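> Sharing a model prediction with you, sequence too.
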Amino acid sequence: MRSSIFGALAWCLVGTLMLVLALATVLVATSDWSAKAFLLNWRVWLTALAALVLGLIALRMVSRSLSERVTGLKRYSDRILDNPPADDKLLRADDELGVLGRSLSRVPPRVRELVQKVTLESQRREAILAGMVEALFAVDQDLKVVFCNNAFARVAGVPAGLAPGTPLVRVVRDPAVVDLLRNVLQSGKPARNRLQLGSSDGPWFEVNVAPLTMDAGGGAIALLHDITEIERLERVRKDFVANVSHELRTPLTAIRGYAETLLDGALEDSENRRRFVEVIETHAIRLNNIAADLLALSELDNGTGAEPPRPVLLQSAVESAMRTVEPAAAERGIHLTAGAFGDLEILGYRMRLEQALVNLIDNAVKFNRPDGEVRVEVERTGNGHARIVVSDTGIGIPSSDLPRVFERFYRVDRARSREMGGTGLGLSIVRHAVEQMKGTVTVESELGKGSRFIITLPAQRPAEQS
């Protein structure tokens, strides 16, 4: 049967009250003040006083025991997150405090389990935020950084683990980002925008900002998605469309002009009509070359139109390309020479390799000096690759133009290129064809001394050669 501390206190109080009532009854019943009555009253008073003292002592002992047990429970509850050992006296008692102690003793395991879950979720969140490619950060209503991930630290150029409370203007210098966050904080509505951070050649980001509710008040969270490559491709697409339009407009305008001239009466001009038709034919051929190069680029971009990778004998591919360019070289007085080939093979596409070599050799012929030389050399490198070098003794390429020579429609000398009938796509086709065969192409050049284009391709291992 469970005891009750409140019951014990109640019995002590009841006993004390009963003694006081008995004393009062005796005093009322005794009406005379004789010696005998006084002696009796004195004894009654003494007994009542003794009972009262005993009652107070009992109350003191009970209250002291109660105070010690309550203090013990308080110490235990203050350290409950530290999982302290419970006092057996607190747990064995069969009263209300004992029940409370046993109830508290069951709290630490549950609290520890909850803390472990919260810690695990926090670690997962931190891992997710740290591993995100997108930059993420949050600010409070005063535009102070509450938290950020490592990607944002890299974008902003600040150390990882930025201290909370850092003003955003110290981290992000771009006023457009600050204004976007301020507008979201004021309106309470999400917003997004495309922004370029830093200088004119800095990265592009799509910034998504949404309101964020926090304990200390309102805030905002921003996600920065890097779209630099998308913007670059969009710019390349726009430049490509503009260049194609320009390249097509020039021959089409010439063809239309000469055709109209012939229709307006030049057909009867025996001295000029043949020349007009030859001009029309020349520009028609130029249009056909542009269309062919665009089709080749499209096939290379899409990975279509190529045969399955097969062993290709470099000697055969180089000789075939040189035979293709021989008439143009002979017409300009350019000498074509080749080094030793051996039996070196690569695993690739014969048609793509010949196309790349023809473009390189043809350019070397077009931009060479009179009585110049174009030389093709093939060798095996020490890392299991084959190197094809096409060198010439031509006019060379300025160092400022070298990084862009493989771009579509890029020309070092536009007037000379158009005079030679180039489309501005040849070197771009070379790069795409070589990259399709898992290779690389580079260029070395010096003005007035010529250029060297170097193609590096994985060589066929001797054991794999047929």
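That came through, no problem. Residues are numbered from 1 along each chain as shown.
> Lowest-scoring secondary structure element of the protein by mean pLDDT?
Scoring the helices and strands of the chain by mean pLDDT, DSSP states H and E places helix 414-420 at the bottom, with a mean of 51.
> Can you identify the element that follows that one toward the C-terminus?
Later in the chain than helix 414-420, the nearest helix or strand by DSSP states H and E is helix 426-436.
> What helices and strands are in contact with that next one?
Judged by 3 or more C-beta pairs under 8 Å, 6 or more residues apart in numbering; DSSP states H and E, helix 426-436 is in contact with helix 273-302, helix 350-366, strand 440-446, strand 450-458. For every residue, glycine as well, the C-beta is placed using N, CA and C.
> Dump that helix to PDB, restricted to CA.
C-alpha atoms of helix 426-436 as PDB (Å, rounded to 0.1, in the frame of the first residue of the first chain):
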ATOM      1  CA  GLY A 426      37.600  24.400 -90.900                       C
ATOM      2  CA  LEU A 427      39.600  24.500 -87.600                       C
ATOM      3  CA  SER A 428      36.400  24.000 -85.600                       C
ATOM      4  CA  ILE A 429      35.700  20.900 -87.600                       C
ATOM      5  CA  VAL A 430      39.300  19.700 -86.900                       C
ATOM      6  CA  ARG A 431      38.800  20.200 -83.100                       C
ATOM      7  CA  HIS A 432      35.400  18.400 -83.000                       C
ATOM      8  CA  ALA A 433      36.700  15.500 -85.200                       C
ATOM      9  CA  VAL A 434      39.800  15.000 -83.000                       C
ATOM     10  CA  GLU A 435      37.800  15.200 -79.800                       C
ATOM     11  CA  GLN A 436      35.400  12.600 -81.100                       C
END
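> in that helix, what counts as buried?
With burial defined by 16 or more other C-beta atoms under 10 Å, the residues of helix 426-436 counted as buried are 426-434, 436.
> which residues are in contact with stretch 439-458?
Contacting residues not belonging to stretch 439-458 are listed as 346-348, 353, 356, 360, 364, 367-368, 381, 384-399, 402, 405-406, 430-431, 434, 437-438 [C-beta atoms under 8 Å, 6 or more residues apart in numbering].
> gap between the two ends of that stretch?
7 Å (C-alpha to C-alpha, to the nearest Å).
> Kindly write the PyMOL command that selects the buried subset of the contacts of stretch 439-458.
In PyMOL syntax, the buried subset of the contacts of stretch 439-458 is picked out as below (16+ other C-beta under 10 Å):
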select buried, resi 346+347+348+353+356+360+364+367+368+385+386+387+388+389+390+391+392+393+394+395+396+397+405+406+430+431+434+437
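> Of the contacts of stretch 439-458, which belong to strands?
Counting by DSSP state E, the contacts of stretch 439-458 place 346-348, 385-392 in strands.
> chain center to stretch 337-357, what's the gap?
Distance, stretch centre to chain centre, for stretch 337-357: 40 Å (C-alpha atoms, centre = their mean, to the nearest Å).
> Kindly provide the whole-number mean pLDDT of that stretch.
When pLDDT is averaged over stretch 337-357, the result is 85.
> Setting the sequence-adjacent residues aside, check what's closest to the residue nearest the centre of the chain.
The centre of the chain sits closest to Val133, judged by C-alpha atoms, centre = their mean, with a distance of 2.1 Å. The shortest distance from Val133 to any non-neighbouring residue, by C-beta to C-beta, 6 or more residues apart in numbering, is to Ala151 (6.2 Å).
> what does Pro190 give?
In this structure, Pro190 finds its nearest non-sequential neighbour in Ala210, 4.4 Å apart by C-beta to C-beta, 6+ apart.
> Mind listing what's buried along the helix or strand that contains that neighbour?
Using DSSP H and E, Ala210 maps to strand 204-214. For strand 204-214, burial by neighbour count (16+ other C-beta under 10 Å) applies to 204-209, 212.
> Show me which of those residues is closest to Asn272.
Nearest to Asn272 out of these is Trp204 (C-beta to C-beta; 54.2 Å).
> pretty sure the closest one is touching Asn193, no?
No - in this structure Trp204 lies outside contact range of Asn193 using C-beta atoms under 8 Å: 11.0 Å.
> how's the chain carved up into domains?
The chain resolves into domains spanning 5-107, 132-226, 230-302, 310-464 when parsed by automatic domain parsing.
> quick one, which of the ones you listed is nearest to Leu114?
Checking the domains of the chain against Leu114 by C-beta to C-beta gives domain 5-107 as the closest, at 10.2 Å.
> average model confidence for that closest one?
Mean predicted confidence for domain 5-107 is 64.
> what's the answer for stretch 184-200, then?
84.
> Can you name the residues in contact with it?
Residues outside stretch 184-200 that contact it (C-beta under 8 Å, 6+ apart): 139, 141, 143, 155, 172, 174, 176-177, 180, 183, 202-211, 218-220, 227.
> One more pass at 7 Å, please.
141, 174, 176-177, 180, 183, 202-211, 218, 220, 227 (C-beta atoms under 7 Å, 6 or more residues apart in numbering).
> how close does Arg106 get to Glu134?
Separation of Arg106 from Glu134 (C-beta to C-beta, to the nearest Å): 44 Å.
> Please read the previous query as pertaining to Gly396.
From Gly396 to Glu134 the distance is 45 Å (C-beta to C-beta).
> hang on, the earlier thing: please tabulate the helices and strands packed on helix 426-436 in TSV, including the columns distance to Val318.
As requested, the helices and strands packed on helix 426-436 are exported to TSV (distance: least, C-beta to C-beta, whole Å):
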stretch	distance to Val318
helix 273-302	20
helix 350-366	6
strand 440-446	15
strand 450-458	11
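> so which of the ones you listed comes closest to Gly257?
The closest of the helices and strands packed on helix 426-436 to Gly257 is helix 273-302. By C-beta to C-beta, the value is 9.1 Å.
> Okay, angle between that closest one and helix 426-436 too, please.
30 degrees (axes from the mean of the first three to the mean of the last three C-alpha atoms, to 10 degrees).
> After helix 273-302, which helix or strand is next? Please name it.
Helix 273-302 is succeeded, C-terminally, by strand 310-313 (DSSP H and E).
> Specify the beta-bridge partners of the residue nearest to Pro190.
With DSSP bridges as the criterion, Ala210 is bridged to Ile221.
> wait, it sits on Leu223?
No - Ala210 lies out of contact with Leu223 (C-beta atoms under 7 Å); the separation is 8.3 Å.
> Can you list the low-confidence ranges for the stretch 351-466 of the chain?
Within the stretch 351-466 of the chain, the set of residues satisfying pLDDT under 70 comprises 412-423, 461-466.
> give me that answer again for 50
Residues of the stretch 351-466 of the chain meeting the criterion pLDDT under 50: 415, 417, 463-466.
> Ala160: neighbour count?
Neighbour count for Ala160, taken as other C-beta atoms under 10 Å: 12.
> How is it assigned, secondary-structure-wise?
coil (DSSP: H, G, I helix; E, B strand; the rest coil).
> ok, for it, nearest residue in space, not its chain neighbours?
Nearest non-adjacent residue to Ala160, counting by C-beta to C-beta, 6+ apart: Ala153, 4.6 Å away.
> Next, the closest residue to Phe276 other than its chain neighbours: phi, psi?
If the residues on either side of it in the chain are set aside, Phe276 comes closest to Tyr258, at 4.6 Å by C-beta to C-beta, 6+ apart. Backbone torsions of Tyr258, given as degrees, to the nearest 10, read phi -70, psi -30.
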